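Colleague: Sharing a model that was predicted from the sequence below.
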Amino acid sequence: MTTRRTVLKGMTATGGLLAAPQLLRAQAKTELNVIWVGWPEGHITPMAEMFMKNNPTINLKLERIPFNELFPALEVRLQARTPLPDIFFADGPLTASYSIRKHLAELDGILGNDLSRYTKAALAQGTYKGKLMTLPYISSGMVLFLNRKHFADAGVALPEPDVAKRWTWEQTLEAAKKLTDPAKNQWGLVFEMADRPYQALTLPQSKGAQVLSEDGLTATGYVDSKPFIDAMQFYADLFNKHKVTPTGVFDTNLALEMFATGRAAMYLATTPSLASISARKDLDWTVAPQPYFEGGKAVTPTGSWHIGLNPRTKQRAAAETFIKAFAQPEYVEAQARLRPNPPVLKSVWDSMGAELDTPGWRIVRSEMENTAMPRPATPGWLEYEDILRGAFREIQGGANVEQRLKKAARDIDREFAKYRG
Amino acid sequence: MTDRAAAPVAASEAPRLARRRSADPMQPRTLVLLAFLLPALAFLVLFRLTPIVIAIGGSLFTQNLAGETSFGGLTNFAQLFGDERFWNSLKVTLIFNIIINPLQIAIAFGYALLVMVPGRGITFFRAAFFLPMTLSTGLTAVLWNIMLDSNLGPVNAILEGIGIGRQPFFLSEHQALGTMIAIATWKGCGYWMIFLLAGLYRIPGELYEAARIDGASRWHQLVHITLPQMRRPLAFVFVADTAINFLFFAPVYIITKGGPNGATDLLMFRAYENAFTFINWGRSLALSTIILVIIGVIAAIELRLFRDKEGAEA
């Protein structure tokens, strides 16, 4: 028998069922999709956990993409012009390219005007047309790692970990010749990023070459200039004429492994190698500053990872919270403790003073203040880097340096045409 | 008279009989046929024809940096035809296919003949030939890149050990394409072997028995029985293999990036590079359209060649 009470009970239950999804939605966390460069999980997860602990209403959905795959993957995602990813990691020199193509939201309004706390080079790479487009997150620097035992066995005196007593490339070559031992399959020198302009461009820059026009839109006359060709000829000779450097080592992990297993006596690499090599307890090693050309100037690479905000995001408020958080010194410091990259905030250099007071870090800090040169500012960095990588690979393989660089310059200029129009 | 009267009656009966046949419960109705075909047709249109139409249509448009498109006619094609690198890519792609397709199919056919006859341990050989196919293309590329590495690769250590000396493989302009063909053949042959093996099993045993009674040698049996009987499977394998090899991409992307000096610069890699590195979707789609046309023309020629021979035989 249907009573009034039964009807009321039924109505209450129905109302509850109808309202439940709304209530659940109200309690659900905002989800932010973040594309992060594929560092080891231990370098990323604690940072994400720190953010989610401080911002309990936001859940981070992380996607780690390996370094070599990150740029093509980002192209696919960003060209689709969808709201996802909300946040993505961007290589510093790509800031202009992403800005021109409207893949980045301006960050000035989010962070305010207090940008003087950033190092100059990091801020420059995140800025396009006077506006901060990507948040500087970590930077990079390079040191020369040395295997003490190989130096002792070859009777070569170690260079000092002092930027004032920096070796020239000519000295480095002479040492590399003595340290190379084909019978032991031991090489004199390996490069961490043997085909990447990030590392290789510092050679022509050390010879005084300007690697791109001032407006960043012309390569001919720069990439094929005499100092550029001379420097790359020296580079090519390391592989082909003197045979002190192995060809085809384009994988950064392979290069590290060659040094860590004693297959290379010298290894020019970025600071994350400080942690990797420190972990090899059986390796007796030390560091020295990156060499320069005799008669030239000391130039070292810098610039690294920035954070971009997708202007099409549907989670704008949460994305802004993310940007604000990762601009805080405690986040930058926490990241620097997890991953040994130079911090982008001046204050963190001071707060981590004791930890960064090692020969390697002292060199890096000095380089960042005096010799670090960011990669050229151009909207066509993606094309510039790809074409030069091909040229550097082939130069290592024995291609005629001048002809190959002239071809690279032509190829770059053809692809740059779209930015000139 | 009777005959003349019967004829119109028979003619008028015909539609009725046809209607009866269609009413036969064993004969499926048009709607039922459509219902079964529709999902497959829908997927065919969605996943095959639509991308082709988009690619062809997109090749006629240009896109600015902000992602806005405008009709450009044949601009993308004109740019490509005026680019020396396109002609190099076309040449490399054609050389690659002219070598790899017959090579893969000849080896696959050889494999199929070898593992066709039942015998002790034959399953092991069948599995061994097929095994490379089970590896992903990316993994195969990484594996062979390490194996053939000029410094750390075991292949070069062996070559040095036996006195041949270290080879540059992917680092040499003269060896890179050949090495790429070798690893693609290593991976692909087992796959095509399966199709050809199925074809071999369909050849009636009586044909070989009759040939043996007539005193035909193994070679004559192969030339006069096996090969003519294998035209259909071979036609399929040739067309499918051609299509797959024209789209060959991953090892080039992973190992050589089109180098050294354009030696492995296949059209598919160029299409990828234009889309994702040079940010030129129109040019990339124009390249895809060109690849599509080339595959279509070559597949038509291959089918025609096999069909003509079959017709002549019939």
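Modeller: That came in fine, so what should we check first?
Colleague: Run through the strands of the chain in chain order.
Modeller: Using chain A here. A:30-37, A:58-65, A:87-91, A:127-128, A:131-132, A:135-136, A:142-147, A:187-191, A:264-270, A:285-288, A:300-301, A:305-309, A:372-373 (DSSP state E).
Colleague: Hmm, no, I was thinking of chain B.
Modeller: B:61-63, B:69-71.
Colleague: wait, which of these is closest to chain A?
Modeller: strand B:61-63 (9.1 Å; CB to the nearest CB). Every residue, glycine included, has its C-beta placed from N, CA and C.
Colleague: which strands and helices sit next to the closest one?
Modeller: If you count contacts as 3 or more CB pairs under 8 Å, 6 or more residues apart in numbering or on different chains; DSSP states H and E, strand B:61-63 packs onto strand B:69-71, helix B:281-313.
Colleague: what's the most buried one of these?
Modeller: Compared across these, helix B:281-313 shows the largest average neighbour count, a mean of 17 (mean count of other CB atoms under 10 Å in any protein chain shown).
Colleague: In the chain, where is pLDDT below threshold?
Modeller: Here I'm looking at chain A. Scanning chain A for pLDDT under 70 picks out A:1-27, A:113.
Colleague: if you could check chain B rather than the one you did, that'd help
Modeller: For chain B, the stretches with pLDDT under 70 are B:1-26, B:308-314.
Colleague: Quick check: residues of it near chain A?
Modeller: B:64-67, B:83, B:85, B:149-152, B:168, B:170-173, B:257-261, B:273, B:275-281 (CB under 8 Å from any CB of the partner chain).
Colleague: Buried residues of stretch A:169-177, list them for me.
Modeller: A:169, A:172, A:173, A:174, A:175, A:176 (16 or more other CB atoms under 10 Å in any protein chain shown).
Colleague: Nearest to chain B, out of the strands of chain A?
Modeller: strand A:187-191 (7.9 Å).
Colleague: Tell me the buried residues in that closest one?
Modeller: Buried residues in strand A:187-191 (16+ other CB under 10 Å): A:187, A:188, A:189, A:190, A:191.
Colleague: same deal with stretch A:274-288?
Modeller: In stretch A:274-288, counting by 16+ other CB under 10 Å, buried: A:274, A:276, A:277, A:283, A:285, A:286, A:287, A:288.
Colleague: Same question for stretch A:58-66.
Modeller: So stretch A:58-66, judged by 16+ other CB under 10 Å, has buried residues A:58, A:60, A:62, A:64, A:65.
Colleague: what's the spacing between it and its chain's center?
Modeller: 18 Å (CA atoms, centre = their mean, to the nearest Å).
Colleague: Also stretch A:348-362?
Modeller: On CA atoms, centre = their mean, the centre of stretch A:348-362 falls 20 Å from that of its chain.
Colleague: what comes into contact with that stretch?
Modeller: A:143, A:161, A:271, A:274, A:286-287, A:329, A:332-333, A:336-337, A:342-343, A:365 (CB atoms under 8 Å, 6 or more residues apart in numbering or on different chains).
Colleague: what's the burial count for residue B:147?
Modeller: Residues within reach of residue B:147, counting by other CB atoms under 10 Å in any protein chain shown, total 14.
Colleague: isn't it right next to residue B:153, touching?
Modeller: Yes - Residue B:147 lies in contact with residue B:153 (CB atoms under 8 Å); the separation is 5.3 Å.
Colleague: returning to what we had before: buried members of the contacts of stretch A:348-362 into ChimeraX, please.
Modeller: Filtering these down to the buried ones (16+ other CB under 10 Å) takes a single ChimeraX command:
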select /A:143,161,271,274,286,287,332,333,336,342,343,365
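Colleague: Which members of the contacts of stretch A:348-362 are the farthest-apart pair?
Modeller: A:286 and A:329 (31.1 Å; CB to CB).
Colleague: Return the residues in contact with the residue lying closest to residue A:386 once chain neighbours are set aside.
Modeller: Spatially, and ignoring its direct neighbours in sequence, residue A:386 is nearest to residue B:277 (4.6 Å; CB to CB, 6 or more residues apart in numbering or on different chains). Residues in contact with residue B:277 (CB under 8 Å, 6+ apart) are A:72, A:75, A:382, A:383, A:386.
Colleague: Check those and tell me the two furthest apart.
Modeller: Most distant of the contacts of residue B:277, by CB to CB, are A:72 and A:383, 13.1 Å apart.
Colleague: So the two - more neighbours on which side?
Modeller: residue A:383 (25 against 17).
Colleague: before we move on, back to that, just put the buried residues of stretch A:274-288 in JSON lines and tack on distance to residue A:87.
Modeller: Below are these laid out as JSON lines (distance: CB to CB, whole Å):
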{"residue": "A:274", "distance to residue A:87": "28"}
{"residue": "A:276", "distance to residue A:87": "27"}
{"residue": "A:277", "distance to residue A:87": "32"}
{"residue": "A:283", "distance to residue A:87": "38"}
{"residue": "A:285", "distance to residue A:87": "37"}
{"residue": "A:286", "distance to residue A:87": "39"}
{"residue": "A:287", "distance to residue A:87": "34"}
{"residue": "A:288", "distance to residue A:87": "38"}
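Colleague: Around chain B, which positions in chain A sit nearby?
Modeller: A:72, A:75-76, A:79, A:81, A:97, A:100-102, A:185, A:187, A:246-249, A:254, A:258, A:379, A:382-383, A:386, A:389-390, A:393-394, A:396-397, A:399, A:404, A:411, A:414-415, A:418-419.
Colleague: now those residues: which count as buried?
Modeller: Here, 16+ other CB under 10 Å leaves A:72, A:75, A:79, A:97, A:100-101, A:187, A:246-249, A:254, A:258, A:379, A:382-383, A:386, A:389-390, A:393-394, A:396-397, A:399, A:404, A:411, A:414-415, A:418-419 buried among those.
Colleague: For residue 96, grab the count of nearby residues.
Modeller: Using chain A here. With other CB under 10 Å as criterion, residue A:96 counts 23.
Colleague: I was thinking of chain B, sorry if that wasn't clear
Modeller: Going by other CB under 10 Å, the residues that sit close to residue B:96 add up to 22.
Colleague: Verify the contact between it and residue B:177 for me.
Modeller: Yes - because the distance of 6.3 Å satisfies CB under 8 Å, residue B:96 is recorded as touching residue B:177.
Colleague: Let me see the contact set for residue B:275.
Modeller: A:75, B:281, B:284.
Colleague: how close does residue A:237 get to residue B:285?
Modeller: 42 Å (CB to CB, to the nearest Å).
Colleague: do the same with residue B:262
Modeller: Residue B:262 sits 22 Å away from residue B:285, going by CB to CB.
Colleague: now swap in residue B:42 and tell me
Modeller: 24 Å.
Colleague: For residue B:80, see how far away the nearest residue to residue A:168 once chain neighbours are set aside is.
Modeller: Using CB to CB, 6+ apart and skipping the chain neighbours, the partner closest in space to residue A:168 is residue A:294 (4.4 Å). In this view, residue A:294 and residue B:80 are 46 Å apart by CB to CB.
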